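Participant: Take a look and give me a structure for this.
(one chain, ligands or ions: 2)
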Amino acid sequence: MKKKALIFGVTGQDGSLLTRLLLKKNYEVHGVKRRSSSFNTGRIDDIFKKEGNKTFFLHFGDLTDALNIQALIAKIKPNEIYNLGAQSHVKVSFDTPEYTANADAIGTLRILESIRAAGLSKKIKFYQASTSEMFGNSKKSQNENTPFHPESPYGTAKLFSYWITRNYRSAYGMFASNGILFNHEGEYRGETFLTRKVTIGVARIFLRKSKYITLGNLNAKRDWGDAQDYVEGMYKILQHKNSGDFVLATGKTYSVRQFIENAFDCINIKIKWRGKGLNEVGYDSKNTKRVLVKIDKKYFRPNEVNHLLGSYRKAKKILKWEPKITFKKMIKKMVLNDINLQKKSNL
Ligand code: NAP
Ligand code: GDD
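Facilitator: Ligands and ions are numbered 1, 2, ... in the order given. This is a model prediction of the structure:
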């Protein structure tokens, strides 16, 4: 009998990569997609074309709809549920705090309660996509024991989900685990997140389709890894004999500024900086008049998480998980992919 997985957030970056991984491992994969007025399955269309309705099944649903979640879980009775669904953009969570809490916090409770109400507490393993954003501006480096101090509606909603996952584990003996994942990126990353916005911008500048990129805070630091490594970590978390909470990170941190410099390096441009605050610009070191990065205050957040740096010691020791793809290699891969995509695009 094939194992069955149910993925909330199947159309997202991680959902699409995890689907590929689980299909390779011979799972039957069920994914929940939202109804949308335009196509939202671009990341999984190729999989559906190949595997659709044989080993890969899509179901309409939404984390804000308890009846729908109950019905799906009772019908599919999966062995594993991965809750990767979320309004995942930190800046947007300041504009839509109530919706973010509904989907990112109560959505998790709806899944857990549906598992329990269906009498499947001991049969289904549950993975919750927790986040380093829950740490906020805490210590210099963060691990499973670092106190949480979220700085955004997104981080706060995710903290509820982290705790409710732990509650269902202790109260009902459910196999319910949190992966506390630091930022992870790649070719499937949404276009409005920093890394992808920069690699698309660099690709367009290379192809002479744009003159510059407009960004916000250049000084924040992130522990950026590659999403492919991280979905392997999620899978390992659910295969471990005991449930628990695990940080997945690279143990290295870089500023937004350094990310930009490395991305431009891929097209042989060395970026230099001049000016301060909103007037700062990044320019081509070979031509001081060629401004390639500008700042706009609309990209700043009401609260910022200034420094994220994770320790993945527990995951390494217990799960034998380690990130393989380096920061530079990941950026190169993303820039090359975006050059190819931009070559084909009419925009
Ligand atoms: P993503 O690309 O933004 O994908 C989010 C997924 O959730 C999409 O499939 C989206 O559907 C779906 N979704 C949004 N609202 C929903 C709702 N109300 N009901 C059902 N589905 C909904 O995010 P990601 O980067 O893959 O991240 C996966 C998960 O890990 C998220 O929970 C995120 O918060 C968390 N996380 C991500 C990172 C990271 O660096 N990537 C780090 C830590 C934690 P549409 O395609 O229709 O929008
Ligand atoms: N998105 C964006 N756009 N971010 C910018 C920009 C810009 O134009 N300019 C500067 N930044 C800065 C942000 O202020 C932030 O400090 C950093 O770049 C990274 O921003 P994002 O890529 O939007 O990611 P994030 O760190 O806020 O959140 C991501 O990682 C979390 C894990 O730490 C998301 O994937 C979350 O869902 C995830 O939980």
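
Participant: buried residues in the biggest strand by length in the chain?
Facilitator: Identified as the longest strand of the chain according to DSSP state E is strand 287-295. Under the neighbour-count criterion of 16 or more other Cβ atoms under 10 Å, strand 287-295 has 292, 293, 294, 295 buried. Every C-beta, even on glycine, is put in place using the N, C-alpha and C of the backbone.

Participant: got it, and stretch 229-248?
Facilitator: Buried residues in stretch 229-248, counted by 16+ other Cβ under 10 Å: 229-238, 240, 243-248.

Participant: Could you tell me which of those belong to helices?
Facilitator: 229, 230, 231, 232, 233, 234, 235, 236, 237, 238 (DSSP state H).

Participant: These into JSON lines, with extra columns for pLDDT and distance to ligand 2?
Facilitator: Converted to JSON lines, those look like this (pLDDT from 0 to 100; distance: Cβ to the nearest ligand atom, whole Å):
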{"residue": "229", "pLDDT": "98", "distance to ligand 2": "15"}
{"residue": "230", "pLDDT": "98", "distance to ligand 2": "11"}
{"residue": "231", "pLDDT": "99", "distance to ligand 2": "14"}
{"residue": "232", "pLDDT": "98", "distance to ligand 2": "18"}
{"residue": "233", "pLDDT": "98", "distance to ligand 2": "14"}
{"residue": "234", "pLDDT": "98", "distance to ligand 2": "14"}
{"residue": "235", "pLDDT": "99", "distance to ligand 2": "19"}
{"residue": "236", "pLDDT": "98", "distance to ligand 2": "19"}
{"residue": "237", "pLDDT": "99", "distance to ligand 2": "16"}
{"residue": "238", "pLDDT": "98", "distance to ligand 2": "19"}
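
Participant: Out of the residues you listed, flag the one nearest to residue 175.
Facilitator: residue 238 (7.8 Å; Cβ to Cβ).

Participant: Touching the next helix or strand after the longest strand of the chain from outside, list them.
Facilitator: Going down the chain from strand 287-295, the next helix or strand is helix 313-314, by DSSP states H and E. Helix 313-314 is contacted from outside by 143, 144, 246, 247, using Cβ atoms under 8 Å, 6 or more residues apart in numbering.

Participant: Between which two of those is the distance greatest?
Facilitator: Most distant of the contacts of helix 313-314, by Cβ to Cβ, are 143 and 246, 9.9 Å apart.

Participant: Burial check on the spatially closest residue to residue 148 that is not a sequence neighbour, number of neighbours?
Facilitator: Take residue 148 and drop its neighbours on the chain: the residue closest to it by Cβ to Cβ, 6 or more residues apart in numbering is residue 134, 4.6 Å away. Burial of residue 134 is recorded as 28 neighbouring residues (other Cβ atoms under 10 Å).

Participant: give the contact list for residue 134.
Facilitator: If you count contacts by Cβ under 8 Å, 6+ apart, residue 134 has them with 148, 150, 155, 158, 159, 162, 180.

Participant: do residue 184 as well
Facilitator: 14, 224, 225, 226, 227, 229, 230, 248.

Participant: ok, now with 7 Å
Facilitator: 225, 226, 227, 230 (Cβ atoms under 7 Å, 6 or more residues apart in numbering).

Participant: do residue 325 as well
Facilitator: Residue 325 neighbours (Cβ under 7 Å, 6+ apart): 226, 228, 229.

Participant: State the distance from it to residue 250.
Facilitator: 9 Å (Cβ to Cβ, to the nearest Å).

Participant: what does residue 70 give?
Facilitator: Residue 70 is 38 Å from residue 250, by Cβ to Cβ.

Participant: who's more crowded, the two?
Facilitator: Per other Cβ under 10 Å, whichever of residue 70 and residue 250 has more neighbours is residue 250, with 25 against 17.

Participant: Name the single longest helix found in this structure.
Facilitator: helix 153-172.

Participant: Could you identify the helix or strand that succeeds that one?
Facilitator: That would be, after helix 153-172 and using DSSP H and E, strand 175-181.

Participant: Tell me the strands beside that next one, with direction?
Facilitator: strand 125-131 (parallel), strand 245-248 (parallel) (DSSP bridges).

Participant: could you dump that strand to CSV, C-alpha only?
Facilitator: What follows is strand 175-181, C-alpha atoms only, in CSV (Å, rounded to 0.1, in the frame of the first residue of the first chain):
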residue,chain,number,x,y,z
PHE,A,175,2.4,12.8,16.2
ALA,A,176,2.5,16.6,15.6
SER,A,177,5.8,18.3,14.8
ASN,A,178,7.0,21.8,14.1
GLY,A,179,9.7,22.5,11.6
ILE,A,180,11.0,26.0,12.6
LEU,A,181,12.4,26.9,9.2
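
Participant: Nice, that's everything, thank you.
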